[in-house]
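A.B. asks: sequence first, predicted model second:
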Number of protein chains: 2
Amino acid sequence: MAARDLQERIKKLIIDRRLASGAPLPTEPELMEYLGASRNSVREALKALQAMGIVEIRHGFGTYVGPMSLAPMIEGLAFRTVAGHYRGEDSLLQLLELREAVETGLVSRLAGRLPEADLVELDALVDRMEEQTARGDGLAETDRAFHATLYRGLDNVLLCEVLEAFWDAFHRVRTDLGGEPQDPKVTCRQHREILDAVRSGDSMRAEEAIREHFGNIRARLSTTAPHGPHTRHNERV
Amino acid sequence: MAARDLQERIKKLIIDRRLASGAPLPTEPELMEYLGASRNSVREALKALQAMGIVEIRHGFGTYVGPMSLAPMIEGLAFRTVAGHYRGEDSLLQLLELREAVETGLVSRLAGRLPEADLVELDALVDRMEEQTARGDGLAETDRAFHATLYRGLDNVLLCEVLEAFWDAFHRVRTDLGGEPQDPKVTCRQHREILDAVRSGDSMRAEEAIREHFGNIRARLSTTAPHGPHTRHNERV
DNA sequence: TAGCTCAGTTGGTTAGAGCAGCTGACTCTT
DNA sequence: AAGAGTCAGCTGCTCTAACCAACTGAGCTA
């Protein structure tokens, strides 16, 4: 009865005092007095809030208002997907389709509307991808940056964060499950095509480019079928 | 050091044992022994997992694998939006724009592709909206059902859940902040228009209908300016 | 047989003690 | 006097032990 209340009251405290991310919260003893609860209950409430990213706890230093990022959502999505996968569902495919559905819808809206600065930046990112391909490096981070930069043009921070969260969740699950890596050359070409299409302002072509990109990922995905009874050794779940 | 580990180990336990939603987890004493930790630490880990929706705790009954819904995401999004709002950001508008951006992209994809059964159901929902308007009732739940049913045609459970989560977060924040209610008649007409457009198979018209619908909500929103908390502060530094 | 009661199980809460990480002021050396 | 090492004090972390509260199911009562 009290536990749920404590969380709410701490949240209320943050709202009422207009605390921004990074602002210090009362210490545990202070919260005990303020909330009229035992240390344990206070800590359990804080742990729950920490899991939601609302609060950040630093050992030996203090408790602070969290970054309010979508990290907990990534965590939850990733776990849900992994759990579903091992239970024989096509949860990873669903996650990919979610990204595809959302991104195809968005890319057609920004075709031809991206400021030159962003286009230049995207050019540089694809160039870097090609360098990394030549060197045989992984291009996960660059891929992430490409998608992030692309949708920055929509001018909605929240939307961008959500898309990045989807990317993160998908990427994390795929690596955890040890799926087959993409063919880097194909990936490069497809990103170049997406960029060209967006630059040209042809919505349909941009949509098609995104769809083809995801189609490629999907093809590689189908080889990652749900399998065996035991998880891999150092799997992050 | 141990705390983060406990969560991971409990998650791993769920994965390894292929536990589905609703399956019972070991009791607290059993987990204490299995994890080699004190009751307190186990409980804090469970509380964190509960906050993420991975675990469900029922007093006097037991601990179970959670529904893995996106409820925690709604919670986090809503709090983040409310906190931002009170601190003078246009976070609620951003949330609305997120919904608009995603839904306009999606609705054009399902224009003309919805099975007749869904269309009939949507018809019934709009009819119900009109009844509720005539009776002066609120039509929040019906609105939610309309959007949910609409995107069910995309045949991606995860995608639907995400959209519903966005709807829930937005709705919850708006009511929490006491924003002005919509004009029910306008809302009805716009939903009818969306449905007609989708049925006709005209993607552009469907997109436009969605955009107009959100434009209406947005107009009402601008009257909900950030303002003070209705609660008094506790003056402890 | 229907309903009640009570013991046993499960999670919820409190209390107090000691451990561990970080900071800043103090002291000792150079 | 300036720099480096030390230590006291804050902070959160973990453990133990006891009792409270919700639920279940067996057994008793009517």
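C.D. replies: That came through fine.
A.B. asks: can you pull out the helices in chain A?
C.D. replies: Along chain A, counting by DSSP state H, helices occupy A:2-16, A:28-35, A:39-51, A:71-86, A:91-110, A:116-135, A:140-152, A:157-176, A:184-200, A:203-221.
A.B. asks: mean confidence for the fifth one?
C.D. replies: Per-residue pLDDT values across helix A:91-110 average out to 94.
A.B. asks: ok, now stretch A:140-151?
C.D. replies: In this model, stretch A:140-151 has a mean pLDDT of 95.
A.B. asks: residue A:102 against residue B:104, yeah?
C.D. replies: No. Residue A:102 lies out of contact with residue B:104 (C-beta atoms under 8 Å); the separation is 11.1 Å. No exception for glycine: its C-beta is placed from N, CA and C like everyone else's.
A.B. asks: near DNA strand D, which residues of chain A are found?
C.D. replies: Residues of chain A lying close to DNA strand D by C-beta under 7 Å from any atom of the strand are A:1, A:25, A:27-30, A:39-40, A:43, A:46, A:57-63.
A.B. asks: same thing but 10 Å
C.D. replies: Proximity of chain A to DNA strand D, by C-beta under 10 Å from any atom of the strand, involves residues A:1-2, A:24-32, A:38-40, A:42-43, A:46-47, A:50, A:56-64.
A.B. asks: can you tell me which of the residues you listed are buried?
C.D. replies: Among these, those classed as buried by 16 or more other C-beta atoms under 10 Å in any protein chain shown are A:25-26, A:31-32, A:42-43, A:46-47, A:50, A:56-57, A:63-64.
A.B. asks: closest to chain B out of those residues?
C.D. replies: Within those, proximity to chain B (C-beta to the nearest C-beta) peaks at residue A:47, which comes in at 4.6 Å.
A.B. asks: run through the residues that contact that closest one.
C.D. replies: Residue A:47 makes contact with B:3, B:44-45, B:47-48, B:51 under the criterion C-beta atoms under 8 Å, 6 or more residues apart in numbering or on different chains.
A.B. asks: again, only using 7 Å
C.D. replies: Counting by C-beta atoms under 7 Å, 6 or more residues apart in numbering or on different chains, residue A:47 touches B:44, B:47-48.
A.B. asks: and DNA strand C, which of those reach it?
C.D. replies: Of the contacts of residue A:47, the ones that also sit near DNA strand C (C-beta under 10 Å from any atom of the strand) are B:44, B:47.
A.B. asks: can you lay out the contacts of residue A:47 as a markdown table showing distance to residue A:173 and pLDDT?
C.D. replies: Formatted as a markdown table, the contacts of residue A:47 follow (distance: C-beta to C-beta, whole Å; pLDDT from 0 to 100):
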| residue | distance to residue A:173 | pLDDT |
| --- | --- | --- |
| B:44 | 26 | 97 |
| B:47 | 25 | 97 |
| B:48 | 20 | 97 |
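A.B. asks: that older thread, now the two most distant members of the buried ones among the residues of chain A next to DNA strand D.
C.D. replies: Largest separation among those by C-beta to C-beta: A:32 and A:56, giving 19.3 Å.
A.B. asks: hmm, back to that, winner for burial among the helices of chain A?
C.D. replies: Highest mean neighbour count among the helices of chain A (mean count of other C-beta atoms under 10 Å in any protein chain shown): helix A:71-86, with a mean of 23.
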